[in-house]
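*Asks:* quick one, structure for this:
(one chain, ligands or ions: 3)
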Amino acid sequence: MIYNYDVKNILVSIIEAIDNFNFLLKNHHKHTATIAYQLGSSYGLDKDKLNNLVLAASIHDIGALYIDERDQLLYIDEHNPKPHEIMGAKMLEGFEPLKDIKEIIRHHHIKYDDILQNKVDKKDIRLECYFLHLADRIDILLETYGKDSYSRDLIIDEINLRFKTVFLPDLKYVFNELAQDDEFWENIYDLAFHELLMLNIDSNNFKINDSDIDGLSKIFARIVDFKSPWTKVHSITVGAFSNAIGKYLNLDEKTCFELKIAGYLHDIGKIAVPSELLDKADKLSDEEFKIIKSHAKYSSMILKSIDGLGNISKWAINHHEKRDKTGYPLKISDEKFSIEMDILAFSDILSALLENRPYRKTLPKNTILQILKNLTPNKLNFKVYKVIETNYDSLYNLYYKTIKENEEDYIKA
Ligand SMILES: [Fe+2]
Ligand SMILES: [Fe+2]
Ligand SMILES: [Fe+2]
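*Replies:* Numbers count the residues shown, from 1 in each chain. Ligands and ions are numbered 1, 2, ... in the order given. Here you go, the predicted structure:
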């Protein structure tokens, strides 16, 4: 099966969206990538390593999901960066084109001292890791001290204090040479992230085929799902349900495939919502509920910015819409609805009802079917409900099979 998705373009768009919308790390990935790129190219890294470095820098903190983790990383001498390194590496599992990036992210806070003291095995550490760590700390210092020339001198001093202990001594020369150049500092804010990524991602590594788009979307599903322990496989199961329901309705193979991807991506806007709200056990205030609901708007903004997703983004964006115009964000009406939108909406609700939530346990079959049936025919399509009812037991088994298959993702670092 080849459906001709431009995997490189999708990857770049989602990386940009994560950096833009992620409320924890706004612009940190972009700044780190532009610093890393400049360090790497001045040093003379070969093309493959430079490509890896830029790509790793542009997603290196995807494993930092909570505010306390973020705050911890804002100290120049961070104490325990391991959890978000391991988590970040875990998220990239199963997607061949990013296998090198995964290994760089796993050790992106490597300290030179740890090598000297044999705390880590030198051969596990790729050269790109040292560049990434230095670039990352430069951006953290810019955040802390500011961008003016007085701060710049302080930053240069702070960094120079740490060669031989924290940073690889080989990078001292290239850092100090660049640091004298105004352009280096200006580029951190001025270089276009999109162009930088397009230039430094080797298209050859991203074959255009359906297994790649599947693996890639799964990564972004994990980034969203892992934000809360209650939804660890939510997007993955919504994808599995949508795919299965499409098949029960005899939709063609391509549509069923796209329904799966739409399920993986439907909640991507949750990257803009604080984890603490997604986790909250108590009743949400009106204001908090509004923030949670805003994820649909953000999903829409993100997915619309990606060229070439076509139907996938249309179905994913509208997963909270209802045929009687009571949904959100657009209050789409019946005439503009498609059966694929019903499938996404039902799959989302079914998955949520099967999940344990902080305020309730999973619900029994009869209750679930009653809740879904009550949505028809006014809010959602009865025909779709009917195939869910008929195949409920298979869908239920699919839910637990999907959890089991993704079980290792559960183990929080
Ligand atoms: Fe980090
Ligand atoms: Fe970072
Ligand atoms: Fe959802």
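*Asks:* which residues of the stretch 101-250 of the chain lie near ligand 2?
*Replies:* For the stretch 101-250 of the chain, the residues in contact with ligand 2 (C-beta under 5 Å from the ion) are residue 136. The way it works is simple: take the backbone N, C-alpha and C, and place the C-beta from them, glycine included.
*Asks:* and if we set it to 8 Å?
*Replies:* When proximity is defined as C-beta under 8 Å from the ion, the stretch 101-250 of the chain approaches ligand 2 at 108, 136, 139, 140.
*Asks:* kindly indicate the member of those residues with the most neighbours.
*Replies:* Note: the member of those with the most neighbours is residue 108, at 27 neighbours, neighbours being other C-beta atoms under 10 Å.
*Asks:* separation between that residue and residue 300?
*Replies:* Applying C-beta to C-beta, to the nearest Å, the value for residue 108 to residue 300 is 32 Å.
*Asks:* between the residues of the stretch 101-250 of the chain next to ligand 2, which is closest to ligand 2?
*Replies:* Within these, distances to ligand 2 taken as C-beta to the ion reach their minimum at residue 136, with 4.1 Å.
*Asks:* excluding chain neighbours, what is closest to the closest one?
*Replies:* By the measure of C-beta to C-beta, 6 or more residues apart in numbering, the closest residue to residue 136 outside its immediate chain neighbours is residue 32, 5.1 Å from it.
*Asks:* residue 299 too?
*Replies:* Counting by C-beta to C-beta, 6+ apart, the residue nearest residue 299 is residue 269, at 3.3 Å.
*Asks:* A strand includes residue 239, no?
*Replies:* No. Counting by DSSP: H, G, I helix; E, B strand; the rest coil, residue 239 is not part of a strand but helix.
*Asks:* contacts only, for it.
*Replies:* Under the criterion of C-beta atoms under 8 Å, 6 or more residues apart in numbering, the contact list for residue 239 reads 217, 221, 259, 260, 261, 262, 263, 264.
*Asks:* same deal with residue 140?
*Replies:* Residues in contact with residue 140, defined by C-beta under 8 Å, 6+ apart, are 73, 74, 75, 76.
*Asks:* from the residues you listed, which two are the most distant?
*Replies:* Maximum pairwise distance in the contacts of residue 140, criterion C-beta to C-beta, is 9.9 Å, between 73 and 76.
*Asks:* higher neighbour count, these two?
*Replies:* Between residue 73 and residue 76, residue 73 has the larger neighbour count (other C-beta under 10 Å), namely 21 against 17.
*Asks:* quick check: the more buried one touching residue 81?
*Replies:* Yes. Applying C-beta atoms under 8 Å, one finds residue 73 in contact with residue 81, separated by 6.6 Å.
*Asks:* near the closest residue in space to residue 120 that isn't next to it in sequence, how many other residues are there?
*Replies:* In space, and not counting its chain neighbours, residue 120 is closest to residue 114: 4.9 Å by C-beta to C-beta, 6+ apart. Neighbourhood size, residue 114 [other C-beta under 10 Å]: 17.
*Asks:* from what I can see residue 114 touches residue 122, true?
*Replies:* No. Using C-beta under 8 Å, residue 114 makes no contact with residue 122, being 9.6 Å away.
*Asks:* roughly how far does residue 31 sit from ligand 3?
*Replies:* Look at residue 31 and ligand 3: by C-beta to the ion, to the nearest Å, they are 31 Å apart.
*Asks:* what's the helix or strand containing residue 212 in contact with?
*Replies:* Counting by DSSP states H and E, the element that carries residue 212 is helix 210-225. The contact list for helix 210-225, computed with C-beta under 8 Å, 6+ apart, reads 1-3, 5, 7, 10-11, 14, 18, 62, 90-92, 94-98, 206, 231-236, 239, 257, 260-261, 264-265, 267-268, 270-271, 409.
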